[in-house]
Structures are given as structure tokens and as C-alpha cells.
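Visitor: Prediction below, plus the sequence it came from.
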Amino acid sequence: MAIDASLIEADANRQFSAPKEEWDTKCIDLDAAPRAVREYQDTLDEAAFGAASEVQPTFTPFSDPANLWTAARKGPAFFAYSDNYLIDTDYGVIVDVEGTRSIRQAEVGSTKTMLDRVKDRFDLEPEWLIADTAYGSGPMLGWLVDRDIAPHIPVIDKAGAPTEHGPVQASNGMRKITNLSAPRENRLSSSAGIALTQIEIRRAKVSRDIAR
């Protein structure tokens with residue numbers, strides 16, 4: 001299977017929004033607020049929305065405050081949501097969909113939600129999962145390996161520099177296993193101690209480490 005997210009532009013306007021310095025959810029009158037604002041209040045503690053990050057959005061629109069101000073397309077910023085898709089690559093079928101804020105933590109978290117949901121509903125679980133670099137954090141890779149799902153995902157979080165004292169613990173949940181006398185034994189492992197193979201691919205003087 002594969003996982004990916006698409007930006008969906010929200011029906012919100014920058015002119016009718018508040019900067020983070022002026023946004024206070026405690027001042028919202030829910031009785032007078034539109035439906036989207038009431039639903040926003042209900043999502044503040046959800047991992048896919050408010051709880052995805054402690055960082056407050058730069059701007060929050062009054063009409064639909066659950067979306068996020070983003071410049072992810074490398075152009076002018078706009079308000080958007082993310083549609084996250086779990087895809088069966090053998091048959092080209094979208095198996096599940098989860099909507100989140102357009103932030104990496106929420107999009108990565110939706111992967112766990114969809115994999116759990118597909119397992120519970122259809123008793124389906126992939127042997128491997130394809131995704132881009134955004135999903136290559138140590139905790140995410142470790143979570144997949146612990147479930148016997150091989151991650152075909154570029155690693156974005158690297159362990160610290162090796163030392164003569166042995167393994168170096170990384171804050172991202174991965175740890176670098178270092179053996180100075182046998183360089184071939186250098187590897188990344190999940191929190192459960194399962195080794196993740198590193199392969200270096202060189203393209204036009206650019207190298208990328210991939211956990212498989």
C-alpha cells in the first residue's frame with residue numbers, strides 16, 4: 001500500500017481572519033457562532049486537528065477556523081485542509097481517506113489511524129508501505145516495523161554522530177548502532193531493536209538514505 005496527502009483549499013478568506021496574537025477560543029460565543037466554528041471547538045483535542053501541534057496558526061479564519069494557513073505549494077499562502085489517502089497499489093484503489101489539518105504531524109498521524117481502521121474493518125494489513133520523506137521520522141518508521149510492515153520511506157531523522165562509547169540515542173526514537181571495528185554493522189534500529197536497512201542511492205552528486 002501507499003500513503004499520501006493532497007491539499008484541499010478551504011472556503012475561507014484572509015481578510016476575514018485573525019492573527020494568532022488576537023485569536024482566543026475562550027471569547028467565542030458558541031450560541032451565535034456558525035456551524036464551522038462550533039465544529040472547530042470540538043476538534044481542538046483531536047490528533048488530526050488541534051492536538052496535532054502546539055504551534056498556533058499564523059492566521060485563523062472566522063468562518064472555518066479548523067483549517068490551516070499554509071504555503072506548502074511554494075507560492076502564495078492560502079487556507080487549506082489535507083485529504084490523506086491509503087492506496088492499494090496492486091489494484092489502484094483508495095482503501096481509506098482521512099481529513100486533517102495541513103501539517104506534517106497530523107498527516108503522519110492519519111496513517112496510523114487509517115491502517116488501524118482498515119485492519120479492524122476489513123482485516124487488511126499491508127506487507128509494506130510506500131510514502132514520501134514527510135513520513136520518514138524515526139517514531140513512524142519504528143511503529144511500522146513493530147507491526148511487521150516494511151517501510152519503503154526515505155529517512156528524514158538521523159541519529160547523532162557515532163562515538164567510541166557505542167550506540168548514540170536519538171530524540172526521534174531511532175538509535176544509531178555503531179561498531180568502529182566493523183563499519184558494515186552500522187545501522188538504524190527501531191525502538192524495539194529491529195534493524196532497518198540503509199541503502200544509499202546517488203543521483204547527480206545527491207545521496208539519500210532509504211529505510212526498507
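Guide: Yep, that arrived.
Visitor: Have a look at this structure and report the helix or strand with the lowest mean pLDDT.
Guide: Every helix and strand of the chain was ranked by mean pLDDT, DSSP states H and E. The lowest is strand 175-177, at a mean of 43.
Visitor: report the longest helix in the protein, please.
Guide: Longest helix of the chain, by residue count under DSSP state H: helix 104-122.
Visitor: Contacts for whichever helix or strand comes after that helix next, please.
Guide: Note on helix 104-122: by DSSP states H and E, the next helix or strand toward the C-terminus is strand 128-130. Outside strand 128-130, the residues that touch it by C-beta atoms under 8 Å, 6 or more residues apart in numbering are 1-3, 89, 111, 115, 144, 149-153. Glycine gets a C-beta too; all of them are placed from N, C-alpha and C.
Visitor: which helices and strands sit right next to the longest helix of the chain?
Guide: strand 2-9, strand 78-88, strand 93-101, helix 138-146 (3 or more C-beta pairs under 8 Å, 6 or more residues apart in numbering; DSSP states H and E).
Visitor: JSON lines please, covering the ones you listed and showing mean pLDDT and mean neighbour count.
Guide: Supplementary listing: the helices and strands packed on helix 104-122 in JSON lines, determined by pLDDT from 0 to 100; neighbours: other C-beta atoms under 10 Å:
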{"stretch": "strand 2-9", "mean pLDDT": "90", "mean neighbour count": "17"}
{"stretch": "strand 78-88", "mean pLDDT": "90", "mean neighbour count": "20"}
{"stretch": "strand 93-101", "mean pLDDT": "91", "mean neighbour count": "17"}
{"stretch": "helix 138-146", "mean pLDDT": "91", "mean neighbour count": "21"}
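Visitor: Make JSON lines from those and add distance to Leu30 to it.
Guide: Below are these laid out as JSON lines (distance: least, C-beta to C-beta, whole Å):
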{"stretch": "strand 2-9", "distance to Leu30": "26"}
{"stretch": "strand 78-88", "distance to Leu30": "21"}
{"stretch": "strand 93-101", "distance to Leu30": "21"}
{"stretch": "helix 138-146", "distance to Leu30": "35"}
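Visitor: so which of those comes closest to Val37?
Guide: Each of these was scored for nearness to Val37 using C-beta to C-beta, and the closest is strand 78-88 (14.1 Å).
Visitor: filter the contacts of strand 128-130 to the buried ones?
Guide: Listed as buried from the contacts of strand 128-130 are 1-3, 111, 115, 144, 149-151, 153; burial here means 16 or more other C-beta atoms under 10 Å.
Visitor: Name the residues linked to Ser82 by a beta bridge.
Guide: Partner residues in beta bridges with Ser82, using DSSP bridges, are Leu7, Thr100.
Visitor: likewise the one 5 residues further on?
Guide: When assigned by DSSP bridges, Ile87 has beta-bridge partners Ala2, Ile94.
Visitor: I figured it was touching Ser6, is that so?
Guide: No - applying C-beta atoms under 8 Å as the test, Ile87 and Ser6 come out as separate, 11.6 Å apart.
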